[in-house]
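Engineer: My questions concern the predicted model and sequence given below.
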Protein chains: 2
Amino acid sequence: MSDSRCEGCNSKGTCDSTTDKCGMPQKGQRKGIGMIVAVGSGKGGVGKSSVSALLAVGLARRGQKVGILDGDITGPSIPAMLGVKGLPTGSPLGIVPPKSPTLGISVMSINLLLEDATKPVVWRGPVISNTIKQFYEEVLWDGLDTLIVDLPPGTADAPLTVMQSLPLDGFVVVTSPQDLVGMVVEKAMHMAQMLNVPILGLVENMAYALCPHCGQRIQLFGPSRIEELSKKWWVPSFASLPIDPVLSNLSDRGLLEEYHNQSVLDDLVEGFLGRKP
Amino acid sequence: MSDSRCEGCNSKGTCDSTTDKCGMPQKGQRKGIGMIVAVGSGKGGVGKSSVSALLAVGLARRGQKVGILDGDITGPSIPAMLGVKGLPTGSPLGIVPPKSPTLGISVMSINLLLEDATKPVVWRGPVISNTIKQFYEEVLWDGLDTLIVDLPPGTADAPLTVMQSLPLDGFVVVTSPQDLVGMVVEKAMHMAQMLNVPILGLVENMAYALCPHCGQRIQLFGPSRIEELSKKWWVPSFASLPIDPVLSNLSDRGLLEEYHNQSVLDDLVEGFLGRKP
């Protein structure tokens, strides 16, 4: 037995069970979405959400219809970065996600449902997993060119549910130069491999900073390791991004759509589109 | 009914149930440990593990017997930072944790049990929670002056289990200057409050960097917000730490015990000890 729901199953093409009885989690429907990608890292704080949002901005500026599913249920930052404030609304067909003010990027995030953004969601794994599934199944993502799923750190419930249950086309890996970060990032890459999710490419964040006083380039977390990781895993490196105080400031103010370091956006988008199947 | 196991229960002193039947998770025994603290943030990548390790180094240099329970099961970095490589060993009384080479800091971490540190632990919440409980219950932490529990990001299974099941004396919160980070950090502070874990103080990491070329101070993630957070929550600020390439380099090489920026260590340790009950 083998149909589209068998994608990601180690017994694909060789088992004699039926998909509704084999016990493997079934992937959701594609909903006519052009490309569904997860952006993750394994490690926290390397800039997964910034890369997700920048990729969305870059693609939207090129005319794509883009959405972001914020899979970070306990530490969501996408709505704040993009200045998305509206409540998701109900319709007979499903939940309509609010959009970012300038480029119309659709966003679904737990923080859109909380009255106070600093209030925690103290939930155990199964509830988190179900929420992510609902954010995919019940939201009207239909017809997007690209849906970006922003993953939380770790290799536990949330990333596992996304990789097992969503019909992902691939995984974009965000890393930073520290060896220790690389170690944890490789855990997530191994996880994607285990679950047969193709790794599309690497983005190195916080690769360097420019001193605002003397203009020199500073490697705060050591020399870049992206080429090494790229060779080891045979995956392309999309971009090497600086620590940019302008980006932090725009993110804090919900104005990430106004980011205009076009070379950064171009690197990211070209790398991503170059691998588009 | 009220005994030591009722600590953290909202019905303490007013209920008429017995601790073994009330359904609340029971806190572990103290094992004669002087002080048990969790170091966390809610947010990833702000330096929880660095702060945990630096606090351990600072306390150990002052003669304390210190241990670190690495509660980050899917992204553990404590053994690599401190150069701890030995396997935990069994004894009739429990598991003996390996120690750091110079200061003898006891460490228990999932990465000590993996053959390849880059291999992931793809586990759902309940297994992660049980592992953390075992790391506390079955490891011989007995007689330590301070046990530091290094928490993963988020407010889900791992931090929840630590706050519910371990007899914590308090919570040290690590943050960084970005507003967006502050929002997520406050989620963890609200969680600690909900679970009656006292917040001992704040540590601001990545507060600034020194340009190695011109020596000027750079605020890469914007101006410090620690005083604001400290006033809002009525908790002291222990220290404001720079992004320090020397620290990244020592961490990557497993030599964090050799870190000798004594003013950073002193700020951290004095802040911490000043609040010791």
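Structural biologist: Alright, I've got the coordinates.

Engineer: since we're on A:Pro223, how many residues are nearby?
Structural biologist: Residues lying near A:Pro223 (other Cβ atoms under 10 Å in any protein chain shown) number 9. In this view, the C-beta of every residue, glycine as well, is placed from N, C-alpha and C.

Engineer: And the residue of the stretch 101-250 of chain A that's closest to chain B?
Structural biologist: For the stretch 101-250 of chain A, the residue closest to chain B is A:Gly125, as judged by Cβ to the nearest Cβ, at 2.9 Å.

Engineer: Next up, the contacts around that residue.
Structural biologist: A:Gly125 is in contact with A:Ala156, A:Asp157, A:Ala158, B:Arg124, B:Gly125, B:Pro126, B:Ile128, B:Ala156, B:Asp157, counting by Cβ atoms under 8 Å, 6 or more residues apart in numbering or on different chains.

Engineer: let's see 6 Å
Structural biologist: The contact partners of A:Gly125, by Cβ atoms under 6 Å, 6 or more residues apart in numbering or on different chains, come to A:Asp157, B:Arg124, B:Gly125, B:Asp157.

Engineer: One more: A:Ala53?
Structural biologist: A:Met81, A:Leu82, A:Leu256.

Engineer: run the last query once more with 10 Å
Structural biologist: A:Ala53 is in contact with A:39, A:47, A:68, A:70, A:77-78, A:81-82, A:100, A:105, A:107, A:148, A:150, A:247, A:250-251, A:256-257, A:259, counting by Cβ atoms under 10 Å, 6 or more residues apart in numbering or on different chains.

Engineer: Quick check: which of these are also close to chain B?
Structural biologist: Restricting those to those touching chain B (Cβ under 10 Å from any Cβ of the partner chain) yields A:Gly47, A:Ser77, A:Met81, A:Ser251.

Engineer: returning to that earlier point: next step: the contacts of A:Ala53 restricted to helices.
Structural biologist: Using DSSP state H, the subset of those located in helices is A:Ile78, A:Met81, A:Leu82, A:Leu247, A:Leu250, A:Ser251.

Engineer: just the buried members of the contacts of A:Gly125?
Structural biologist: By neighbour count, with 16 or more other Cβ atoms under 10 Å in any protein chain shown, these hold A:Asp157, B:Arg124, B:Gly125, B:Asp157 as buried.

Engineer: now, among those, which is nearest to A:Lys31?
Structural biologist: Using Cβ to Cβ, A:Asp157 is the member of those that sits closest to A:Lys31, with 23.0 Å.

Engineer: Next up, phi/psi of the nearest residue to that closest one once chain neighbours are set aside, please.
Structural biologist: Excluding the flanking residues, the one nearest A:Asp157 by Cβ to Cβ, 6 or more residues apart in numbering or on different chains is A:Gly125, at 3.5 Å. Here is the backbone geometry of A:Gly125 (degrees, to the nearest 10): phi -50, psi -50.

Engineer: Tell me the pLDDT of A:Gly125.
Structural biologist: Per-residue pLDDT puts A:Gly125 at 96.

Engineer: Kindly report the same for A:Val121.
Structural biologist: The model's pLDDT for A:Val121 equals 96.

Engineer: now the ones in helices among the contacts of A:Ala53 as a markdown table including distance to B:Met189 and neighbour count?
Structural biologist: Below are these laid out as a markdown table (distance: Cβ to Cβ, whole Å; neighbours: other Cβ atoms under 10 Å in any protein chain shown):
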| residue | distance to B:Met189 | neighbour count |
| --- | --- | --- |
| A:Ile78 | 21 | 27 |
| A:Met81 | 21 | 29 |
| A:Leu82 | 25 | 29 |
| A:Leu247 | 26 | 20 |
| A:Leu250 | 26 | 20 |
| A:Ser251 | 21 | 28 |
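
Engineer: mind putting those in CSV, pLDDT and distance to B:Asn196 included?
Structural biologist: Output for these, formatted as CSV (pLDDT from 0 to 100; distance: Cβ to Cβ, whole Å):
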residue, pLDDT, distance to B:Asn196
A:Ile78, 98, 31
A:Met81, 98, 33
A:Leu82, 98, 36
A:Leu247, 94, 38
A:Leu250, 96, 38
A:Ser251, 96, 33
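
Engineer: Throw those residues into a markdown table and include distance to B:Ser176, thanks.
Structural biologist: Formatted as a markdown table, the ones in helices among the contacts of A:Ala53 follow (distance: Cβ to Cβ, whole Å):
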| residue | distance to B:Ser176 |
| --- | --- |
| A:Ile78 | 18 |
| A:Met81 | 16 |
| A:Leu82 | 20 |
| A:Leu247 | 14 |
| A:Leu250 | 17 |
| A:Ser251 | 13 |
